[in-house]
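Asker: The following comprises the amino acid sequence and a computationally predicted model.
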Amino acid sequence: MTEDASPKKELAAVRGTKDILPKEVEGWQALERLARETFELYGYRELRAPVIEATELFEKGTGRTSDIVTKEMYTFTDKGGRSLTLRPEYTPSVVRAIIEHRLDLEVEPLRYYYMGPMFRYDKPQKGRFRQFHQIDIEVFGEKDAAADAEIIEMADSLLRKLGVTGTETLVNSVGCRECRPAYSRALREAAGKRKSGLCPDCQRKAETNPLRIFDCKVEACRAVARTFPLIQDFLCAECRDHFGKLLVFLDIYKIPYRVEPRLVRGLDYYTKTTFEVVSSHLGAQNSLVGGGRYDDMMKDFGGPDICAIGFAMGMERVLSIAELAPPKRKFLYLAYLGDEAKKAGLEMARYFRANGVECLVEFKDRGMKAHFGRANKLQAAWVLIVGGDEMKKGRFGLKEMATGRQVEGAREELLAFLREN
RNA sequence: GUGAGUGUAGCUCAACGGUUAGAGCAUCGGACUGUGGAUCCGAAGGUUGGGGGUUCGAUUCCCCUCACUCACCCCA
């Protein structure tokens, strides 16, 4: 590391992170509010877990061989010598919390949601950041495929409320510990046999992750991939039954979907259902929602043997294509003239705020013209005029900026006027 | 981690290797000290991302570095 000796060092947000400025925050708040409203309608409750966890949690939960764990984690040693990690995903934290607090013994259904920052040391590009935000939901102890369908429908419902269009829902089953090994073997074998017909990249994938060959854009590889066996033909009776039921429930909800046999997802822990919602309006990073079932994780952590399913939604990605109406914000600007009027004006502002009217007071002496110019620039809905004349009369002027209409009255009358308009 | 493209004022962009790096928009002030949007005038704003090199001279050419953008890998 060469430290540049220049006296002035540029201070900037670290690579892959972003400030969310007040203008953008409006959209974030709308998304957060709609997500909460939606999830609570399905009986979900918020569960807030820490941003940092023991590194081991992700090694065990996310998977030691996953890309996330092998090369994308923000891991550090704290002053007590513990290895900690900024969470790259949320699921392992919830599983940990359930076991730690024995939430599986509660009466309440185990349905949780959460939204917050996640951290992955990735190379930033469109729709991908090092600190990014996810909305995450998890359901535990529901093994019925109706639960799988319900969360897909819930994600769909939220996206509709956000005005997101051009999406496609992809579903697949990756089998379970009983049936998946046979498929992996068959696929690896098939890829090995046709290896010479593959691009260098796919030759490598034939060893590491043959499922990824399905994704290649090279036509020769696509042709080879079409000859590969499909997971559907390897599913055990239970998994096949589960998948069939999922599709039936999706039909009931009238959710259009496409069965995508190559949809495997990068996380190691999935079992049975996997799904993804993609959008044609995004760039290469086109996945808005990703999720699936992970029936073994709880047990693998040494907790109770209960199944689970959940999804994560990328907030930056969703916001980049959401069509949200800008919030209607109306506020009053206080125009005061002179010291005495300033004191009276501050009291007036206090009164209006106590009654739910947003008031902006700028502590800068201005002439009437300057006040109006400023109020106009700030897009104030109303201007309250407090000057010498008004104070004598005990009646104040209130101007509606959009129409130019101006009324006069005591503060109670003006409040009534504000509430009507 | 690999590859490509781009870095000039708050924003969008100019400037053949040649004077003191300009314009529009935005900001602030004035014309205009009891009523906004318009107009006019003015001001402020820059080590041309940073460092090194070539040159009499570099925003311009070369190298390194950093950042951004896009793609690969992977993922939300």
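Answerer: Perfect, I can see it now. Every value quoted in this text rests on a predicted model; they were computed, and no experiment measured them.

Asker: starting at the chain centroid, how far to stretch A:209-229?
Answerer: 31 Å (CA atoms, centre = their mean, to the nearest Å).

Asker: Does RNA strand B have contacts with that stretch?
Answerer: Yes. Judged by CB under 7 Å from any atom of the strand, stretch A:209-229 comes into contact with RNA strand B at A:209, A:212, A:215-216. For the C-beta atoms, the positions are set from N, CA and C on the backbone; glycine is no exception.

Asker: Secondary structure for these - can I get that in JSON lines?
Answerer: Formatted as JSON lines, these follow (DSSP: H, G, I helix; E, B strand; the rest coil):
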{"residue": "A:Asn209", "secondary structure": "coil"}
{"residue": "A:Arg212", "secondary structure": "helix"}
{"residue": "A:Asp215", "secondary structure": "helix"}
{"residue": "A:Cys216", "secondary structure": "coil"}
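
Asker: now A:Met118, what's its secondary structure?
Answerer: From three-state DSSP, the assignment for A:Met118 is strand.

Asker: Spit out the contact partners of the residue lying closest to it once chain neighbours are set aside.
Answerer: Spatially, and ignoring its direct neighbours in sequence, A:Met118 is nearest to A:Gln134 (5.3 Å; CB to CB, 6 or more residues apart in numbering). For A:Gln134, the contact set (CB atoms under 8 Å, 6 or more residues apart in numbering) comprises A:89-90, A:115-116, A:118, A:312-315.

Asker: Unless I misread the structure, A:Gln134 falls within a strand.
Answerer: Yes. Assessed with three-state DSSP, A:Gln134 lies in a strand.

Asker: For it, give the beta-bridge partners.
Answerer: Beta-bridge partners recorded for A:Gln134 (DSSP bridges): A:Gly116, A:Gly314.

Asker: circling back to that earlier point, going by neighbour count, which of the contacts of A:Gln134 are buried?
Answerer: Neighbour-count burial within the contacts of A:Gln134 applies to A:89-90, A:115, A:118, A:312-315; the criterion is 16 or more other CB atoms under 10 Å.

Asker: Is A:Gly290 within a helix or a strand, and which one?
Answerer: Element membership for A:Gly290 (DSSP states H and E) is strand A:287-293.

Asker: Show me what from the stretch 151-300 of chain A comes close to RNA strand B.
Answerer: Counting by CB under 7 Å from any atom of the strand, the stretch 151-300 of chain A sits next to RNA strand B at A:201, A:205, A:209, A:212, A:215-216, A:265-267, A:276, A:283-290.

Asker: Just the buried residues from the residues you listed, in PyMOL please.
Answerer: Buried residues within these, by 16+ other CB under 10 Å, are selected in PyMOL with:
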select buried, chain A and resi 205+209+212+216+265+267+276+286+287+288+289+290
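
Asker: leaving aside the residues next to it on the chain, what's closest to A:Ala410?
Answerer: Leaving aside its chain neighbours, A:Ala410 sits nearest to A:Arg395 (5.8 Å; criterion: CB to CB, 6+ apart).

Asker: Please work out how many residues are found near the one you found.
Answerer: For A:Arg395, the neighbour count with other CB atoms under 10 Å is 15.

Asker: And for A:Ala354?
Answerer: 9.

Asker: rewinding a little: between the residues of stretch A:209-229 next to RNA strand B, which sits nearest A:Glu362?
Answerer: Distance to A:Glu362, by CB to CB, is smallest for A:Asp215 among these, at 56.2 Å.

Asker: Not counting its neighbours along the chain, what's nearest that closest one?
Answerer: A:Arg262 (6.6 Å).

Asker: sec struct for the one you found, please.
Answerer: When classified by three-state DSSP, A:Arg262 comes out as coil.

Asker: Contacts only, for A:Tyr183.
Answerer: A:175, A:229, A:231, A:234.

Asker: can you list the residues you listed in CSV and add secondary structure, neighbour count and distance to A:Ala182?
Answerer: CSV is the format used below for these (DSSP: H, G, I helix; E, B strand; the rest coil; neighbours: other CB atoms under 10 Å; distance: CB to CB, whole Å):
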residue, secondary structure, neighbour count, distance to A:Ala182
A:Gly175, coil, 25, 9
A:Pro229, coil, 14, 10
A:Ile231, helix, 24, 10
A:Phe234, helix, 19, 6
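
Asker: which strands and helices sit next to the helix or strand of chain A at the bottom of the mean pLDDT ranking?
Answerer: Every helix and strand of chain A was ranked by mean pLDDT, DSSP states H and E. The lowest is helix A:200-208, at a mean of 75. With contacts defined as 3 or more CB pairs under 8 Å, 6 or more residues apart in numbering; DSSP states H and E, helix A:200-208 has these neighbours: helix A:180-193.

Asker: any idea which helix or strand carries A:Glu412?
Answerer: helix A:411-420.

Asker: ok, and for that helix, which residues are buried?
Answerer: Applying 16+ other CB under 10 Å to helix A:411-420 flags A:411, A:414-415, A:417-418 as buried.

Asker: of all these, which comes closest to A:Lys193?
Answerer: Of the buried residues of helix A:411-420, the one sitting nearest to A:Lys193 (CB to CB) turns out to be A:Leu418, at 77.3 Å.

Asker: ok, and the closest non-adjacent residue to that closest one?
Answerer: Closest to A:Leu418 by CB to CB, 6+ apart is A:Val357, at 5.5 Å.

Asker: Now for the one you found: which residues touch it?
Answerer: Contact partners of A:Val357, counting by CB under 8 Å, 6+ apart, are A:331-332, A:415, A:418.

Asker: which one of the residues of stretch A:209-229 next to RNA strand B sits closest to RNA strand B?
Answerer: RNA strand B has its nearest neighbour among the residues of stretch A:209-229 next to RNA strand B in A:Arg212, at 4.0 Å by CB to the nearest atom of the strand.

Asker: Could you measure from the residue nearest to that closest one when sequence neighbours are not counted over to A:Glu362?
Answerer: Leaving aside its chain neighbours, A:Arg212 sits nearest to A:Lys205 (4.6 Å; criterion: CB to CB, 6+ apart). With the distance defined as CB to CB, to the nearest Å, A:Lys205 ends up 62 Å from A:Glu362.
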